[in-house]
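Visitor: kindly generate the corresponding structure for this input.
(chains A and B, ligands or ions: 1)
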Amino acid sequence: MRRILFESLLRRPLTEPAPALDDPELRALASEMKTRIDAFFGGSLSIRMVDAGSCNGCELEIHALNNPYYDLERFGLKFVASPRHADVLLVTGPVTCNMREALRRTFDATPSPKWVVTAGDCALKGGVFAGSPAIVGGVNEVVPVDLHIPGCPPTPTQLLKGLLALTRGPRGSSPSG
Amino acid sequence: MTIAESFDALDPVADCRPWPRRAVDAAMWSALAESLADGARTLLGLWGDQSSVHMALLGGTSSVAIASLDCVDGGFPSVAAHHPPAARFERAIRDLFGHRPIGAPDERPWLDHGRWPDSAERAAQPYAFLPAIGEGLHQIPVGPVHAGIIEPGHFRFTANGETIVRLEARLGYVHKGVEGLMAGSPLARAAKLAGRCSGDSSVAYSYAFARAVEAALGVEIPERAIWLRALMAELERLANHLGDIGAICNDAAFALMLAHCSALREQVLRANAACFGHRLMMDAIVPGGVAVDLDARGPHILRDLVAKIRKAFPRLVELYDNTASLQDRTVAAGRLDPGLAARFGCGGFIGRASGRAFDARRILAFAPYDHLEFEVPVLTEGDVDARVWVRIREVEQSLGLIEQILVRLPAGDSSTSIGEGSGEGMAIVEGFRGDILVWLRLRDSVVERCHLRDPSWLQWPLLEAAIEGNIVADFPLCNKSFNCSYSGHDL
Ligand code: SF4
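Guide: Predicted structure coming up:
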């Protein structure tokens, strides 16, 4: 272990300088968001993830946001264990009939102000699962959605861009309630 | 000859390939259920159809067959009455097709939570968790929404102080009606759905679905496609095992392993994207072959990847092995008895960490694995540590397989037209989590009925057994070491 830790001190971190190296807009966006988050939440944004029926592909890529390459926390964004601690609900999947109530209750348990961000094509209108009687449909059938991040699944870079652009979403900086 | 033995002599129903499907009567059905209970056969799957039920069986070491029984008056003799591992399959059959397992030990609904437009009336009742009675016992309900980035399911713990005396899982929260959507779907749409049963096993599901379609229609695919499929399957296994090893250690409060393993996993996913256009290689395997061929850069990218992992991984293994605080958590925790693993026909690293030497790549030896050299690591300790070690050894095997495939990858076409047709086919593919079974019936190239059985069906119930006597705080660790799929199970 000593060797690994020692090398970690000498080696450059794996963390990439910006989520999309080809995207000059992003750095500006990140710092702009930081200012806005500062105004709202005193420097950080807590995200509570809710799988409302996904195939688990979206979760894999959301997990990847925490790996050393993307390192979500350096942007002041972090995943929290309870909706009570959350400012943002990140919802994946079509909403299944069996998850509808749990999603609604999680939303209700999240204190205002709060945003809802959906990730993945299924979350929009059901994606490939549209038309099944076992699903309710998209997430906005159950809770108000502020921003959607497309993809099946969205790549970590897409997710990062989406989360960073949050305060520039369709509903601007006014949260869901 | 006993009744169950005479099953093997029955004439198969026309057109199910490559394994025979045989129609049986109720007496033979129950005799087969008894042969599961006495260990002569292993249950591979049990599923419903419009007016019948089908049961896939593994006899001896590698002979696969399907038994079918017409339901009389909407019922069939319960298999679970003889062989408990069949219980959840039967509950799901009743929820989805209405066929009632006569004499079943557990009559509760399973996937039907009373929330569907056509839910059964009995499903609207509050769910009756199994009772646990005793002085000082208390219950802890957890979920369906969990703390963390994880799929939903409900766990009901009954504990005596810190010690778990019973865990009961309630699943079905992410039931999306995949099999319902498949019925009536053209192949292209059905293939997309198959690749989204469980996102972490997208390749393995697409692989199994494509092989079942090809079996049903009698299509031979080009050699190159056969090898590319295995290449993708090994990359998927590699990425998932790396992720799991890191995540298990993280649940034992050792975040350093997670950081290193997740960085390696990321490199695999980036190589996947560079070679096959998608980080999880979704929709890359299609009936008839593969949708994306490996271009000239591909072999270099993958050789590079293998070299990097070969360099970094042994040190992480050493780290795992030499960190006492980590071993203290994983050794002897969540022990799964080998007898139970065998009885449930539990596949994947869970089965192999508890002495069950089943790996579809070896036992059913489908191409190209019959031409590849690899070992199937098997341990008998059955604890969290053993499940980590099986994954570690499998990472090493997958690296070797990727190298072999790159050397031997034939040139030529990577897909062929599958034409139009009808027929019945089944395939079993070894995903990272275990054996995935797909059975389907096609009519004029449209899916009439398709069943997809995730390995988790035969693993979830064993988590409940493995956790008994452990402390509540060790549940996340044990659960992670199982890493069952919610979506693959709930469908
Ligand atoms: S968007 Fe795609 S990856 Fe995400 S849950 Fe839906 S099917 Fe799975």
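Visitor: which helix or strand in chain A has the lowest average pLDDT?
Guide: helix A:24-41 (a mean of 56; mean pLDDT, DSSP states H and E).
Visitor: C-terminal to it, what's the next element?
Guide: Counting by DSSP states H and E, the next helix or strand C-terminal to helix A:24-41 is strand A:45-51.
Visitor: can you tell me what sits against that next one?
Guide: Strand A:45-51 is contacted by residues A:37, A:58-59, A:62, A:76-83, A:85-93, A:99, A:102-103, A:106, A:110, A:163, A:166, B:145, B:148-152, B:174 when judged by Cβ atoms under 8 Å, 6 or more residues apart in numbering or on different chains. Using the backbone N, CA and C atoms, a C-beta is placed for each residue, glycine as well.
Visitor: same deal with stretch B:157-164?
Guide: B:132, B:134, B:136-142, B:165-167, B:467-473, B:475.
Visitor: what's the nearest residue to the one residue in chain A that gets nearest to chain B if we skip its chain neighbours?
Guide: For chain A, the nearest residue to chain B under the criterion Cβ to the nearest Cβ is A:G57, separated by 2.5 Å. Nearest residue to A:G57, sequence neighbours excluded (Cβ to Cβ, 6 or more residues apart in numbering or on different chains): B:G199, at 2.5 Å.
Visitor: quick one: residues contacting that neighbour.
Guide: Counted by Cβ under 8 Å, 6+ apart, B:G199 has contacts A:54-60, A:153, B:280, B:282, B:487.
Visitor: quick one on the thing from earlier: just the buried residues of the contacts of stretch B:157-164.
Guide: Burial by neighbour count, judged by 16 or more other Cβ atoms under 10 Å in any protein chain shown, picks out B:132, B:142, B:166-167, B:467, B:470, B:472, B:475 from these.
Visitor: pLDDT and distance to chain A added to those, as JSON lines?
Guide: Listed next are those as JSON lines, based on pLDDT from 0 to 100; distance: Cβ to the nearest Cβ, whole Å:
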{"residue": "B:A132", "pLDDT": "85", "distance to chain A": "24"}
{"residue": "B:V142", "pLDDT": "92", "distance to chain A": "12"}
{"residue": "B:R166", "pLDDT": "94", "distance to chain A": "23"}
{"residue": "B:L167", "pLDDT": "95", "distance to chain A": "20"}
{"residue": "B:I467", "pLDDT": "96", "distance to chain A": "21"}
{"residue": "B:N470", "pLDDT": "95", "distance to chain A": "21"}
{"residue": "B:V472", "pLDDT": "93", "distance to chain A": "16"}
{"residue": "B:F475", "pLDDT": "94", "distance to chain A": "15"}
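Visitor: gap between A:F75 and B:R270?
Guide: Per Cβ to Cβ, to the nearest Å, A:F75 is found 21 Å from B:R270.
Visitor: between these two, who's got more neighbours?
Guide: A:F75 (20 against 15; other Cβ atoms under 10 Å in any protein chain shown).
Visitor: got the phi and psi for that one?
Guide: When read as degrees, to the nearest 10, the backbone of A:F75 gives phi -90, psi 10.
Visitor: which SS class is residue 101?
Guide: In the absence of a named chain, chain A is used. helix (DSSP: H, G, I helix; E, B strand; the rest coil).
Visitor: you answered for a different chain; I wanted chain B.
Guide: strand.
Visitor: that one against B:G74, yeah?
Guide: No: B:P101 is beyond contact range of B:G74, at 10.7 Å (criterion: Cβ atoms under 8 Å).
Visitor: counting neighbours, go ahead and name the busier of these two.
Guide: B:P101 (25 against 12).
Visitor: partners of the more buried one in the sheet?
Guide: In this structure, B:P101 bridges to B:F76 when assessed by DSSP bridges.
Visitor: which residues sit in contact with it?
Guide: Per Cβ under 8 Å, 6+ apart, neighbours of B:P101: B:75-81, B:90-91, B:93-94.
Visitor: restricted to helices, list those residues.
Guide: B:90-91, B:93-94 (DSSP state H).
Visitor: now these in a markdown table, with distance to chain A, pLDDT and neighbour count?
Guide: What follows is those, written out as a markdown table (distance: Cβ to the nearest Cβ, whole Å; pLDDT from 0 to 100; neighbours: other Cβ atoms under 10 Å in any protein chain shown):
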| residue | distance to chain A | pLDDT | neighbour count |
| --- | --- | --- | --- |
| B:E90 | 19 | 98 | 26 |
| B:R91 | 15 | 97 | 21 |
| B:I93 | 16 | 98 | 24 |
| B:R94 | 16 | 97 | 25 |
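Visitor: between all of the residues you listed, which two are separated the most?
Guide: B:R91 and B:I93 (7.4 Å; Cβ to Cβ).
Visitor: do you know the pLDDT at B:R100?
Guide: Looking at B:R100, its pLDDT stands at 97.
Visitor: quick check: residues of chain B near the ligand?
Guide: B:196, B:199 (Cβ under 6 Å from any ligand atom).
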